[in-house]
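compute the structure for the input listed below.
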Amino acid sequence: MAISPLLFISLICLAGGGSLLPAGEAIWLTIPSSGEKCVYEEIHANVVVVVDYLCIDQNNIGLGPTVDVRVNSAYGKELYKKTNETHGQFAFTTSETGTYLACFWMHHDQTHYTADNSTAVINLDWKTGIQTKDWDAVAKKEKIEGVELELRKSSERINEIRANIIYLRFRESSMREVNEKTNQRVARLSFMSLGVCLFVSLFQVWHLKRFFLKKKLI
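All right, here's what the predicted structure looks like:
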């Protein structure tokens with residue numbers, strides 16, 4: 001029995017622990033005393049994103065300095081903004097495909113924080129897609145467990161892989177179309193340049209011949 005390429009890729013991903021899926025990522029950022037640090041991810045539309053952040057001091061017990069947070073969508077729309085925070089969470093569902101940006105910088109007033117360290121360390125737990133789903137809540141609500149729950153997870157993963165493959169195909173098609181249009185424009189420009197060069201060459205020959213005839217050199 002023949003196996004479709006999509007099913008084959010899905011089975012490989014499931015066997016490998018879903019390495020092609022958008023997994024939750026633990027990110028550490030060092031925020032300088034001035035300026036900002038940003039993280040970004042390219043995400044397609046209709047994807048749930050959940051991010052937990054915690055500002056700590058690695059040299060002292062307890063929370064560290066406070067930071068300001070801003071999250072922008074692919075087209076610059078502000079999705080989340082907080083000031084003077086040590087920890088928090090932001091969540092949103094993407095409305096368009098593109099690069100989503102989260103920026104952090106030190107809050108201007110750090111009088112509560114007496115440590116000499118002039119930088120802040122932030123831990124980010126960035127989750128997208130299926131990683132944001134609370135499977136314990138789903139199991140309790142729908143009363144499923146064991147193999148049935150794992151099959152449900154596998155089904156969700158396959159659907160997400162399929163959506164990613166469709167998105168990649170769309171991107172590849174768009175890029176190919178842009179490349180073809182660019183090649184056509186370059187070809188037309190080359191023919192135009194060749195035509196201009198031929199015209200200038202013929203004009204120079206005609207002008208020189210006319211000059212020589214006028215001077216009775218030929």
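
for Met106, grab the count of nearby residues.
When neighbours are defined as other CB atoms under 10 Å, Met106 has 22 of them. Every C-beta, even on glycine, is put in place using the N, C-alpha and C of the backbone.

settle this for me: it is touching Ala120, isn't it.
Yes - here Met106 lies in contact with Ala120, judged by CB atoms under 8 Å, at a distance of 5.8 Å.

overlap of the contact sets of those two?
Common neighbours of Met106 and Ala120, counting by CB atoms under 8 Å, 6 or more residues apart in numbering, are 31, 65, 67.

I'd like the mean pLDDT over the helix ranked longest in the chain, please.
Of all segments of type helix in the chain, defined using DSSP state H, the longest is helix 146-214. For helix 146-214, mean pLDDT is 88.

now it, how far from the centre of its chain.
With CA atoms, centre = their mean, to the nearest Å as the basis, helix 146-214 stands 23 Å off its chain's centre.

for that helix, packing partners?
On a contact count with 3 or more CB pairs under 8 Å, 6 or more residues apart in numbering; DSSP states H and E, helix 146-214 meets helix 5-15, helix 135-142.

now do the shortest one: everything it contacts.
Think helix 135-142. Helix 135-142 is contacted from outside by 144-145, 149, 152-153, using CB under 8 Å, 6+ apart.

now, which of the residues you listed sits nearest Gln89?
Of all these, Lys153 has the smallest distance to Gln89: 23.0 Å, by CB to CB.

residue contacts, that closest one?
Contacts for Lys153 (CB under 8 Å, 6+ apart) come out as 130, 135.

tell me how many other residues surround Val152.
Slight slip there: residue 152 is Arg, not Val. 15.

does it touch Ile144 like I think?
Yes - here Arg152 lies in contact with Ile144, judged by CB under 8 Å, at a distance of 6.4 Å.

and stretch 179-187, what's buried?
By neighbour count with 16 or more other CB atoms under 10 Å, stretch 179-187 contains no buried residues.

now stretch 166-176
Residues of stretch 166-176 include none that count as buried (16+ other CB under 10 Å).

next one: stretch 143-160
153, 156-158, 160.

can you redo the residues you listed as CSV with distance to Tyr75?
Shown next, in CSV, are those (distance: CB to CB, whole Å):
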residue, distance to Tyr75
Lys153, 33
Glu156, 28
Arg157, 29
Ile158, 30
Glu160, 24
